[in-house]
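Trainee: Have a look at this fold, sequence not included:
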């Protein structure tokens, strides 16, 4: 069993799956959500060797300006040693129904914050999608494909989705 997989793999998966909804927030008034997940699916294709490909489609609606600031930039984390992350599709769905595609130059791939200071996580990376002309009432729509190049535990498939981190907007 690869010790790097045990120590970095699950942590990287937690970061990636948490990142899917990290921009979801609640307004100070608990009755009025600032952002809402209007659609979320995850398709997981498992290979015989326990590697897998997860394709996630999400639609995040920003109901006010504060939520638009948070939702207008989405971050997805992955471990470059163990995973590849492709942005399959990303666009802004305007409140009037128009769509504005995310230009490939508006998708940034960089080291995750703090990765340089943690040798065990030196390959932890982050892709940031900047949605164009994003404002209150718009929906961030994206599809991600994460390929897990090695199983977390040899010969066994392991997958989970954590409860997303929720923050209050002020």
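Mentor: Happy to help now that I have it. Only a predicted model underlies this, so the values are computations on that prediction, with no experimental measurement involved.

Trainee: Just give me the neighbour total for residue 74.
Mentor: 25 (other C-beta atoms under 10 Å). In this view, the C-beta of every residue, glycine as well, is placed from N, C-alpha and C.

Trainee: pretty sure residue 94 is in contact with residue 133, am I right?
Mentor: Yes: counting by C-beta atoms under 8 Å, residue 94 touches residue 133, with 7.3 Å between them.

Trainee: The two: which has the busier surroundings?
Mentor: residue 94 (16 against 10).

Trainee: Leaving out the residues flanking it, which one is nearest to that one?
Mentor: What sits nearest to residue 94 in space, not counting adjacent residues and going by C-beta to C-beta, 6 or more residues apart in numbering, is residue 138, at 5.5 Å.

Trainee: coming back round to it: hey, what's in contact with both of residue 94 and residue 133?
Mentor: The contact sets of residue 94 and residue 133 overlap at residue 100 (C-beta atoms under 8 Å, 6 or more residues apart in numbering).

Trainee: give me the beta-bridge partners of the nearest residue to residue 113 once chain neighbours are set aside?
Mentor: Nearest non-adjacent residue to residue 113, counting by C-beta to C-beta, 6+ apart: residue 126, 7.4 Å away. Under the criterion DSSP bridges, residue 126 forms beta bridges with residue 77, residue 110.

Trainee: Which pLDDT value goes with residue 126?
Mentor: Each residue has a pLDDT score; the one for residue 126 is 93.

Trainee: I figured it was touching residue 85, is that so?
Mentor: No: in this structure residue 126 lies outside contact range of residue 85 using C-beta under 8 Å: 9.3 Å.

Trainee: Which residues are in contact with each of those two?
Mentor: In contact with both residue 126 and residue 85: 76, 78, using C-beta under 8 Å, 6+ apart.

Trainee: roughly how far is stretch 101-120 from the heart of the chain?
Mentor: Put simply, stretch 101-120 sits 12 Å off its chain's centre (C-alpha atoms, centre = their mean, to the nearest Å).

Trainee: and it, what's its mean pLDDT?
Mentor: 86.

Trainee: Show me the shaky parts of the protein.
Mentor: Residues of the chain meeting the criterion pLDDT under 70: 1-32, 120-121, 161-170.

Trainee: 90 - rerun?
Mentor: Applying pLDDT under 90 to the chain picks out residues 1-38, 40, 79, 111-124, 150-170.

Trainee: ok, back up a step: what number of residues lie near the residue nearest to residue 94?
Mentor: Neighbour tally, residue 138, other C-beta under 10 Å: 25.
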